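S.K.: Coordinates for the following, if possible.
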Amino acid sequence: MGNLYGEKEKNKLIELLTEELPSLRAKIGITQAELCEIVGISRQTYSSIETRKRKMSWNIYLSLILFFTHNEKTEPIIDNIDAFPDKLKKSLNINKR
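M.R.: Numbers count the residues shown, from 1 in each chain. A predicted model of the protein is given here:
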């Protein structure tokens with residue numbers, strides 16, 4: 001998957017997701033601490049990403065996108081903003097339910 005997405009494409013997807021993080025969390029009703037426990041990152045790291053003091057890494061993007069696309073409350077939002085395109089789903093071998 002290394003060559004599937006260039007830095008420009010990755011940055012666009014990361015930006016799309018970063019913009020929606022507060023509303024995605026609110027939609028589920030989950031705290032930063034709870035989300036961080038699930039995806040395995042520190043709350044300090046997540047908080048600095050959500051407040052745009054730090055850029056999200058590709059690995060964190062992948063962890064968060066998988067979490068939010070497997071939640072019925074947030075999956076439509078992810079689909080609507082196209083933060084998890086079909087090309088990436090196919091490369092990860094993820095099919096629609």
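S.K.: The protein: helices as residue ranges?
M.R.: 7-28, 32-39, 43-50, 58-69, 75-81, 86-91 (DSSP state H).
S.K.: Same list (those helices) but as CSV, adding mean pLDDT.
M.R.: Below are those laid out as CSV (pLDDT from 0 to 100):
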stretch, mean pLDDT
helix 7-28, 96
helix 32-39, 96
helix 43-50, 96
helix 58-69, 96
helix 75-81, 95
helix 86-91, 88
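S.K.: most neighbours per residue, which of those helices?
M.R.: helix 58-69 (a mean of 18; mean count of other Cβ atoms under 10 Å). All C-beta atoms are positioned from the backbone trio N, CA, C, and that covers glycine.
S.K.: then it to PDB, C-alphas only?
M.R.: Only the C-alpha atoms of helix 58-69 are listed here, as PDB (Å, rounded to 0.1, in the frame of the first residue of the first chain):
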ATOM      1  CA  TRP A  58      -1.000   8.300   8.500                       C
ATOM      2  CA  ASN A  59      -1.100   5.500  11.100                       C
ATOM      3  CA  ILE A  60      -3.300   7.500  13.400                       C
ATOM      4  CA  TYR A  61      -5.500   8.400  10.500                       C
ATOM      5  CA  LEU A  62      -6.000   4.800   9.600                       C
ATOM      6  CA  SER A  63      -6.800   3.900  13.200                       C
ATOM      7  CA  LEU A  64      -9.400   6.700  13.500                       C
ATOM      8  CA  ILE A  65     -10.900   6.100  10.100                       C
ATOM      9  CA  LEU A  66     -11.500   2.400  10.800                       C
ATOM     10  CA  PHE A  67     -13.000   3.300  14.200                       C
ATOM     11  CA  PHE A  68     -15.400   5.900  12.800                       C
ATOM     12  CA  THR A  69     -16.400   3.900   9.700                       C
END
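S.K.: elements contacting it?
M.R.: If contacts are counted by 3 or more Cβ pairs under 8 Å, 6 or more residues apart in numbering; DSSP states H and E, helix 58-69 sits against helix 7-28, helix 32-39, helix 75-81.
S.K.: Can you tell me which of those is nearest to residue 58?
M.R.: helix 7-28 (5.5 Å; Cβ to Cβ).
S.K.: now that closest one against helix 58-69, angle please.
M.R.: 40 degrees (axes from the mean of the first three to the mean of the last three Cα atoms, to 10 degrees).
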